[in-house]
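Trainee: I would like to see how this sequence folds:
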Amino acid sequence: MTEKFSRYDTADYLKTDEDMALYFDACLEEGDPALIAHALGVIARAKGMTKLSKDTGISREGLYKALSGEGNPEFATIMKVTKALGIKLHAAL
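Mentor: Below you'll find the predicted structure:
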């Protein structure tokens, strides 16, 4: 008997805005730019990449590439994405 496993996708578990904020905050604490971009991609998939594409004016393909964790998005792209997702970045000392 062959068992089939589905691929784990964090986006499947981000059901609420609070889930998304906690996930993003944890990724920010790691301080890895690739992880932060990837986390935005996961949140974008959880909320809907098509809507994000429309809200940011960036193609879906461009978003997938920039937010893959392997992309290197410009800060302007990160700002457009966070604004469209309703995520606010805060500074603390």
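Trainee: quick one, what contacts the most centrally placed residue in the chain?
Mentor: Computing the C-alpha centroid of the chain and ranking residues by C-alpha atoms, centre = their mean puts L40 first, at 1.6 Å. Neighbour list for L40: 24, 67, 78, 81-82, 85, 87 [criterion: C-beta atoms under 8 Å, 6 or more residues apart in numbering]. Every C-beta, even on glycine, is put in place using the N, C-alpha and C of the backbone.
Trainee: now do G69
Mentor: Neighbours of G69 in contact, by C-beta under 8 Å, 6+ apart: 34-35, 37-38, 41.
Trainee: where does the prediction get shaky in the protein?
Mentor: By pLDDT under 70, the low-scoring segments of the chain are 1-2.
Trainee: all helices of it, in order?
Mentor: Shown for the chain, the helices assigned by DSSP state H span residues 17-30, 33-47, 49-56, 60-66, 75-85.
Trainee: how many residues are close by the residue lying closest to R60 once chain neighbours are set aside?
Mentor: Of all residues not flanking R60 in the chain, S53 sits nearest, at 4.6 Å (C-beta to C-beta, 6 or more residues apart in numbering). S53: 18 surrounding residues under other C-beta atoms under 10 Å.
Trainee: for the one 10 residues further on, same thing?
Mentor: Neighbour count of L63, defined by other C-beta under 10 Å: 25.
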